[in-house]
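Participant: Fold the following, please.
(one chain, ligands or ions: 1)
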Amino acid sequence: MMKFLILGGNGFIGSHLVDRLLAAGHKVRVFDKYEEHYRKPIAGVDYRFGDFGNRGLLADALVGVNTVFHLISTTLPKTSNDDPAFDIQSNVVETIFLLEQCIVRNIKVIFVSSGGTVYGKPLTLPIAENSPTDPECSYGITKLMIEKYLALFKLLHNLDYTIVRPSNPYGSRQNPNGIQGAISVFLGKVARNEPIEIWGDGEVVRDYVYIEDLAEGIYRAATKPTESRIFNLGSGTGYSLNEIVETIRTVTGREVQVEYKPKRTFDVPRIYLDIARARTELDWAPVVSLPAGIAKTWEFVMGLQVI
Ligand SMILES: NC(=O)c1ccc[n+]([C@@H]2O[C@H](COP(=O)([O-])OP(=O)(O)OC[C@H]3O[C@@H](n4cnc5c(N)ncnc54)[C@H](O)[C@@H]3O)[C@@H](O)[C@H]2O)c1
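Facilitator: Numbers count the residues shown, from 1 in each chain. Model (predicted):
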């Protein structure tokens, strides 16, 4: 049986990957700073707690593992420009240590990069994996740096790796009080009868992928033999924030107020991913429609004790 380690496995995406791996009967170990926020620890999962920068604890967690999923990020697109040196140190430099350990221990690395930031402003839509990469935030640059080191270490040391570039995942266990994830944050506001805040005119277009579809894509990227090493994982369709709000109105049946605010410099106007490569090589395609995914997310948000 393969033994999988998920770095950041108690977060939003990681927790769904835990579910997917357990459903397939795999042994799962999680390395994270904190416990899961929305669930109790799961029987059978080997939890290891520590900071990604604690090299001793990280090395211990790698013992006996075949494949490691790297989902830890110490920054968000919005916050990363505040302190790029911290972004590089805590993400890139610590990931180099991880990769060196994986080379020595013969561990395959699945790196969760970012489809929303590594390309920057797309020249063509939908945007494919081989498009130019000109990130417009430090987070996108550090994701890309890690991608480049994976390729370099393959060349130098035959490190086995696959990179996934998710679009904008949404669904259960995404924090509705956070600053990341428009759909969850909007639904949190609607549940509290607060107005939704939109920066700009609401015509910013993004690619939203339901979390269980994304977890399935990451799982396939890790377990299927593939020719390519980089996969976009998204819905392949773009929706504007105004369309999202409209769908939320329909799904929740609530009055939804919107407050439009000045637009933000780091938001590229339109982006959605070309997912042809994942369709062909991973035999993967998202199955949850936007209204169905929003309905499932709404159910999660309304089920929380305190929203
Ligand atoms: N959510 C998105 O919209 C999105 C989109 C594309 C890519 N990603 C990437 O996917 C990965 C997971 O994102 P998520 O949305 O699940 O985030 P999340 O914040 O829900 O989960 C990240 C997990 O990593 C842990 N973590 C953070 N810093 C740590 C540290 N220094 N040491 C140990 N653990 C640490 C957190 O405790 C958390 O459980 C990240 O790499 C993120 O950049 C996210």
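Participant: Not counting residues beside it along the chain, what's closest to the closest residue to the ligand within the chain?
Facilitator: Going by C-beta to the nearest ligand atom, the ligand is nearest to residue 11 of the chain, at 1.8 Å. Quick note: C-beta positions are derived from backbone N, CA and C, even for glycine. In space, and not counting its chain neighbours, residue 11 is closest to residue 71: 6.4 Å by C-beta to C-beta, 6 or more residues apart in numbering.
Participant: same check, this time on residue 282
Facilitator: In this structure, residue 282 finds its nearest non-sequential neighbour in residue 220, 4.2 Å apart by C-beta to C-beta, 6+ apart.
Participant: Double-check that the one you found belongs to a strand.
Facilitator: No - the assignment for residue 220, made by DSSP: H, G, I helix; E, B strand; the rest coil, is helix rather than a strand.
Participant: near the ligand, which residues of the stretch 51-200 of the chain show up?
Facilitator: Selection of the stretch 51-200 of the chain residues close to the ligand by C-beta under 6 Å from any ligand atom yields 51-52, 71-74, 112, 114, 166, 168-169, 180-181.
Participant: Out of those residues, which end up buried?
Facilitator: 52, 71-74, 112, 114, 166, 168-169, 181 (16 or more other C-beta atoms under 10 Å).
Participant: which of those sit farthest apart?
Facilitator: Spanning the widest gap among these are 52 and 168, at 23.4 Å by C-beta to C-beta.
Participant: if we can go back for a sec, and the residue of the chain closest to the ligand, what's its pLDDT?
Facilitator: pLDDT, residue 11: 98.
Participant: relative to its centroid, which residue of this protein is most remote?
Facilitator: If you look at how far each residue of the chain sits from its centre, by C-alpha atoms, centre = their mean, the farthest one is residue 255, at 30.3 Å.
Participant: In three-state terms, label it for me.
Facilitator: Here residue 255 is coil, with the state taken from three-state DSSP.
Participant: how's this structure carved up into domains?
Facilitator: Following automatic domain parsing, one gets these domains for the chain: 3-168+209-233, 173-207+236-273+282-303.
Participant: so of those, which one's packed in deepest?
Facilitator: Mean neighbour count, computed with mean count of other C-beta atoms under 10 Å, is highest for domain 3-168+209-233 among the domains of the chain, reaching a mean of 19.
Participant: so how far is the helix or strand of the chain with the lowest mean pLDDT from its chain's centroid?
Facilitator: Sorting the helices and strands of the chain by mean pLDDT, DSSP states H and E puts helix 77-80 at the bottom, at a mean of 91. Offset of helix 77-80 from its chain centre (C-alpha atoms, centre = their mean, to the nearest Å): 14 Å.
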